[in-house]
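J.: give me a 3D structure for the following:
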Amino acid sequence: AADIDLALQTAAVWKATPVERGEILKRAADFFEKNDGELFALLTREAGKTLPDAVSELRESVDFLRYYAGEINHAPALGLVSCISPWNFPVQLTFAPLAGVFAAGNRTMIKPSEFTPATSELMKDLFAEVFDEEEVAVFTGGPEVGTAFSALPFDHMLFTGATAIAKHVMRAASENLVPL
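T.: Below you'll find the predicted structure:
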């Protein structure tokens, strides 16, 4: 929880220009393609995917990143947007929505599923390689991290997951009137 609070306090407005944001999204797509073998192995082992399903999930993520790299939004950013992603599509349901978040110039904090720990760590490494920690922060861990994360005063929250968990997330987010 202390790490989450510190990241929230130090999160900065993303100062990258639209052209720079597009280049960053392309670098993220390149990272996925460069590390596709490791990602395929993790998705089959941790998320129970067949190889064709793992290829499809990664391909969709890369496609979203490249699409939004060319569709940079010049509208004002929302600010700090959080993302809580599920175990069954850990890559695609993190990067597909975040491609648009980044293209619009928002910064983000991410809480991936604790049921795909190695995939989550690889995504954390990707973010560290491509983005500044003030632009993107990733928090791994179980329910205690998820509870603290959901209670933060984000400008917007993205959530994909089980209905039972959604009720807890929505209840926590409502304390700060965070749109979900």
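J.: just the helices from this protein, written as ranges.
T.: Listed in chain order, the helices of the chain (DSSP state H) span residues 2-10, 18-34, 36-46, 51-69, 92-103, 117-130, 143-150, 163-174.
J.: could you identify which of the ones you listed is most buried?
T.: Among those, the stretch with the highest mean neighbour count (mean count of other Cβ atoms under 10 Å) is helix 92-103, at a mean of 24. C-beta here means a position set from N, CA and C on the backbone, and glycine is covered the same way.
J.: what's the angle between it and helix 51-69?
T.: Here helix 92-103 runs at an angle of 10 degrees relative to helix 51-69 (axes from the mean of the first three to the mean of the last three Cα atoms, to 10 degrees).
J.: avg pLDDT for helix 92-103?
T.: For helix 92-103, mean pLDDT is 87.
J.: what of stretch 161-179?
T.: Model confidence over stretch 161-179 averages 87 on the pLDDT scale.
J.: low-confidence ranges in the protein?
T.: Scanning the chain with the threshold set as pLDDT under 70 gives 1-14, 73, 75.
J.: for the residue nearest the centre of it, which non-adjacent residue is spatially closest?
T.: Compute the mean C-alpha point of the chain, and by Cα atoms, centre = their mean the closest residue is T94, 4.1 Å away. Residue nearest to T94 in three dimensions, not counting chain neighbours: S85, with 4.2 Å by Cβ to Cβ, 6 or more residues apart in numbering.
J.: gap between the one you found and T108?
T.: Relative to T108, S85 is positioned 11 Å away (Cβ to Cβ, to the nearest Å).
J.: look at those two and report which has more neighbours.
T.: Neighbours were counted for S85 and for T108 using other Cβ atoms under 10 Å; S85 has more, 27 against 24.
J.: now do the contacts for that one.
T.: For S85, the set of contacting residues under the criterion of Cβ atoms under 8 Å, 6 or more residues apart in numbering consists of L93, T94, I110, K111, P112, S113, T160, G161.
J.: next, format the helices of the chain as JSON lines and append distance to G79.
T.: As requested, those are exported to JSON lines (distance: least, Cβ to Cβ, whole Å):
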{"stretch": "helix 2-10", "distance to G79": "11"}
{"stretch": "helix 18-34", "distance to G79": "15"}
{"stretch": "helix 36-46", "distance to G79": "30"}
{"stretch": "helix 51-69", "distance to G79": "18"}
{"stretch": "helix 92-103", "distance to G79": "11"}
{"stretch": "helix 117-130", "distance to G79": "18"}
{"stretch": "helix 143-150", "distance to G79": "16"}
{"stretch": "helix 163-174", "distance to G79": "15"}
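J.: nothing else from me, thank you.
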